[in-house]
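> Quick one, what's the 3D model for this:
(one chain, ligands or ions: 2)
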Amino acid sequence: MSSGTLYDKVWENHKVTELPTGQDQLFVGLHLVHEVTSPQAFGMLRERDVEVAFPERTHATVDHIVPTDDRDRPYADDAAENMMAELEENVRESGIEFSDPDSGNQGIVHVIGPEQGITQPGMTIVCGDSHTSTHGAFGALAFGIGTSQIRDVLATGCVAMEKQKVRRIEVTGELGEHVTAKDVILTIIRKLGTDGGVGHVYEYAGEAIESLGMEGRMSICNMSIEGGARAGYVNPDETTYEWLRETDAFADDPERFERLKPYWESIASDDDAEYDDVVTIDGSAIEPTVTWGTTPGQGIGITEPIPAPEDLPADKQDTARRAQEHMRVEPGDTMEGYEIDVAFLGSCTNARLKDLREAAAFVRGREVADDVRAMVVPGSQRVQAAAEAEGLDEVFTEAGFEWREPGCSMCLGMNADQLQGDEASASSSNRNFVGRQGSKDGRTVLMSPTMVAAAAVTGEVTDVREMEEVVTA
Ligand SMILES: CC(C)[C@H](C(=O)O)[C@@H](O)C(=O)O
Ligand code: SF4
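Ligands and ions are numbered 1, 2, ... in the order given. The predicted structure follows:
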């Protein structure tokens, strides 16, 4: 194999042909499906009497609309019930494996792929969901796709795509205490902008990235899309292989693991690979980071002042003004002390076991502040079960959190979990757009899971570094 980036190598390995449009046709290794974006695509196949080409390369789950409290069927919400019923019919007819709520494997699509080992290095992975970039943490090329592309992939196992440039983002040094992957990605997006990645795929590298576990790498790749990049990835290494070894795909088949490992090693970017751009960020300077505005790029370190719009680049001033009005924040203040009504610990960015463990260490023996509604929504049923096995559910519920069933929940409010009126939320999710959490006047402050835990117990945005951690395990 010639020397190059992971992106180039995996692209070339999956390229079927160049199309007259100038795009390449790529073979898709894994197609993940959820209930929101797939029904129309299945409908188009049915209209043309076309069958799903590779059901064995397709895997479905239900996450966006699923209730996180009472899951008895039919669901209380008719629209949710209909979407679920349609997905059930589509997967049954096509012979697609479905991590349904009775399987013990249901969860957010970007949580279940990696935990079941179906997400693997060197794969092309697509899903009708923008945060598919999450799977790049394993050294896969993972893209969100639209409805007509979902149809194409269902029908042919291929997708037409334009090749992107590759920007390597090197995060150097060691992260400070209680500085997490979430703080790193919020900092990257703050520095490069929400559209800084347009036309690019991000390769994350450097000591601060390499020292992260898979959960942290997933949080970073997850938000690549919020930085405008088409995808993001981390080169596979021993950390990646350790994770994979334990998954369903390989735990009982170590020979398969050994057989695939040389391929995984071969697709990592070579030391002399050429990049279209290289950006270096000092990881040791990153603080716990929160957003003050209504885009993920409007972030600051917890001790930093909120910027005055007139100090920002001209094209950012208007949105900053509007964002500050919506959020009711003043330039010069810090976000510390910003009062919250809701604490949401969930989403495909930060609802894995490690996130819940880290948050629990700041909740143990404490109580949720008066008038704060706090909820934990595990990323999957497996996360939920593992957390319960180590008593984390009790840590949270004893403190006054609600312990919910897995799904997207208040990350986007497509089910009953929504902000009310102008409530402010401390959220471990990835988007703080106006209206995102279900109420047009709702205010979302993005932060890491430990910062959500700290905010839940103090009732305001809090520097987690000033709180005592209580770890018992
Ligand atoms: C519903 C889905 C299409 C959407 C996405 O693509 O990201 C959702 O997951 C989100 O996070 O906004
Ligand atoms: S958890 Fe949020 S970001 Fe992730 S797939 Fe669901 S709605 Fe999208």
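> how would you label Glu93: helix, strand or coil?
Here Glu93 is recorded as helix under DSSP: H, G, I helix; E, B strand; the rest coil.
> so Met410 sits right up against Ala351, yeah?
No: the pair Met410 / Ala351 is not scored as a contact, 11.1 Å apart, by CB atoms under 8 Å. Any C-beta I mention is one placed from the backbone N, CA and C, and that applies to glycine too.
> Residue of the stretch 201-350 of the chain closest to ligand 2, please.
Nearest to ligand 2 in the stretch 201-350 of the chain, going by CB to the nearest ligand atom, is Cys348, at a distance of 3.3 Å.
> Three-state assignment for the nearest residue to that residue once chain neighbours are set aside, please.
Spatial nearest neighbour of Cys348, chain neighbours left out: His110 (3.9 Å); criterion: CB to CB, 6 or more residues apart in numbering. Using three-state DSSP, the structure places His110 in helix.
> now do Asn105
Quick answer, by three-state DSSP: Asn105 is coil.
> just for the stretch 301-450 of the chain, where's the confidence low?
By pLDDT under 70, the stretch 301-450 of the chain has no low-scoring segment.
> show me where it has helices.
For the stretch 301-450 of the chain, applying DSSP state H, counting those that start in this stretch gives helices covering 314-327, 353-360, 381-389, 392-399, 449-458.
> which of those helices is buried the deepest?
For those, ranked by mean neighbour count under the definition mean count of other CB atoms under 10 Å, the leader is helix 449-458 at a mean of 29.
> Contact residues of the stretch 51-200 of the chain facing ligand 2?
Residues of the stretch 51-200 of the chain lying close to ligand 2 (CB under 6 Å from any ligand atom) are Asp63, His64, Ile108, His110, Asp129, His131.
> of those, list those near ligand 1.
Okay, of these touching ligand 1 (CB under 6 Å from any ligand atom), that's His64, Asp129, His131.
> could you list every residue that touches the closest residue to ligand 1 within the stretch 51-200 of the chain?
Using CB to the nearest ligand atom, Ser130 is the residue of the stretch 51-200 of the chain that sits closest to ligand 1, at 3.5 Å. Taking CB atoms under 8 Å, 6 or more residues apart in numbering as the criterion, Ser130 is in contact with Gly144, Ile225.
> Next one: Thr295 from Phe433, what distance?
Separation of Thr295 from Phe433 (CB to CB, to the nearest Å): 7 Å.
> Neighbour count: these two, which is higher?
Taking neighbours as other CB atoms under 10 Å, Thr295 and Phe433 compare with Thr295 leading, 22 against 11.
> Can you give me the distance of Ala424 to Arg373?
Using CB to CB, Ala424 is found at 11 Å from Arg373.
> what do those two both touch?
With CB under 8 Å, 6+ apart, Ala424 and Arg373 have common neighbours Asp341, Val342.
> Ramachandran angles for the residue lying closest to Pro101 once chain neighbours are set aside?
Counting by CB to CB, 6+ apart, Arg71 is the residue found nearest to Pro101 once chain neighbours are left out, at 5.9 Å. Backbone geometry at Arg71, expressed as degrees, to the nearest 10, gives phi -110, psi 20.
> Which pLDDT value goes with Arg71?
Looking at Arg71, its pLDDT is 96.
> do the same with Ser3
What the model reports as pLDDT for Ser3 is 80.
> so it sits right up against Ala273, yeah?
Yes: using CB under 8 Å, Ser3 is in contact with Ala273, at 6.1 Å.
> Now do the helices in the stretch 51-200 of the chain.
Listed in chain order, the helices of the stretch 51-200 of the chain (DSSP H, counting those that start in this stretch) span residues 78-94, 109-116, 147-156, 181-192.
> will you turn the ones you listed into CSV that also has mean pLDDT?
Putting the helices of the stretch 51-200 of the chain into CSV (pLDDT from 0 to 100) gives the following:
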stretch, mean pLDDT
helix 78-94, 98
helix 109-116, 98
helix 147-156, 98
helix 181-192, 98
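> Dump these to a markdown table, plus distance to Lys316 and mean neighbour count.
Below are those laid out as a markdown table (distance: least, CB to CB, whole Å; neighbours: other CB atoms under 10 Å):
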| stretch | distance to Lys316 | mean neighbour count |
| --- | --- | --- |
| helix 78-94 | 37 | 17 |
| helix 109-116 | 29 | 26 |
| helix 147-156 | 32 | 20 |
| helix 181-192 | 11 | 25 |
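> dump the residue contacts of the residue of the stretch 151-300 of the chain found nearest ligand 1.
Of all residues in the stretch 151-300 of the chain, Ile225 sits closest to ligand 1, at 7.6 Å by CB to the nearest ligand atom. Counting by CB under 8 Å, 6+ apart, Ile225 touches Ser130, His131, Ser133, Gly144, Gly232.
> Could you look up the SS state of it?
Assignment for Ile225 (three-state DSSP): helix.
> Could you provide the helices of the stretch 301-450 of the chain in CSV, with additional columns for distance to Ser428?
Converted to CSV, those look like this (distance: least, CB to CB, whole Å):
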stretch, distance to Ser428
helix 314-327, 18
helix 353-360, 7
helix 381-389, 13
helix 392-399, 13
helix 449-458, 5
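> can you redo these as JSON lines with distance to ligand 2?
Output for these, formatted as JSON lines (distance: least, CB to the nearest ligand atom, whole Å):
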{"stretch": "helix 314-327", "distance to ligand 2": "20"}
{"stretch": "helix 353-360", "distance to ligand 2": "13"}
{"stretch": "helix 381-389", "distance to ligand 2": "13"}
{"stretch": "helix 392-399", "distance to ligand 2": "19"}
{"stretch": "helix 449-458", "distance to ligand 2": "14"}
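> Low-confidence stretches in the stretch 1-150 of the chain?
Along the stretch 1-150 of the chain, the parts satisfying pLDDT under 70 run over 1-2.
> Tell me where it has strands.
Secondary structure of the stretch 1-150 of the chain, counting by DSSP state E, counting those that start in this stretch: strands at 15-18, 24-27, 30-33, 58-61, 97-99, 124-127, 141-144.
> The third one vs ligand 1: in contact?
No: residues of strand 30-33 contacting ligand 1 under CB under 6 Å from any ligand atom: none, with a closest distance of 11.7 Å.
> what does that strand contact?
By CB under 8 Å, 6+ apart, the residues outside strand 30-33 that reach it are 54, 57-61, 87, 91, 96, 109, 113, 118-120, 123-129, 132, 140, 150, 153-154, 157.
> do the second one as well
Under the criterion CB under 8 Å, 6+ apart, residues 11, 14-19, 124, 157-163 lie in contact with strand 24-27.
> run the last query once more with 6 Å
For strand 24-27, contacts defined as CB atoms under 6 Å, 6 or more residues apart in numbering pick out His14, Lys15, Val16, Thr17, Glu18, Leu19, Thr124, Cys158, Val159, Ala160, Met161.
> what lines up beside it in the sheet?
Using DSSP bridges, the strands paired with strand 24-27 in its sheet are strand 15-18 (antiparallel), strand 158-161 (antiparallel).
> would you turn the ones you listed into JSON lines with mean neighbour count and distance to ligand 1?
Formatted as JSON lines, these follow (neighbours: other CB atoms under 10 Å; distance: least, CB to the nearest ligand atom, whole Å):
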{"stretch": "strand 15-18", "mean neighbour count": "12", "distance to ligand 1": "25"}
{"stretch": "strand 158-161", "mean neighbour count": "20", "distance to ligand 1": "16"}
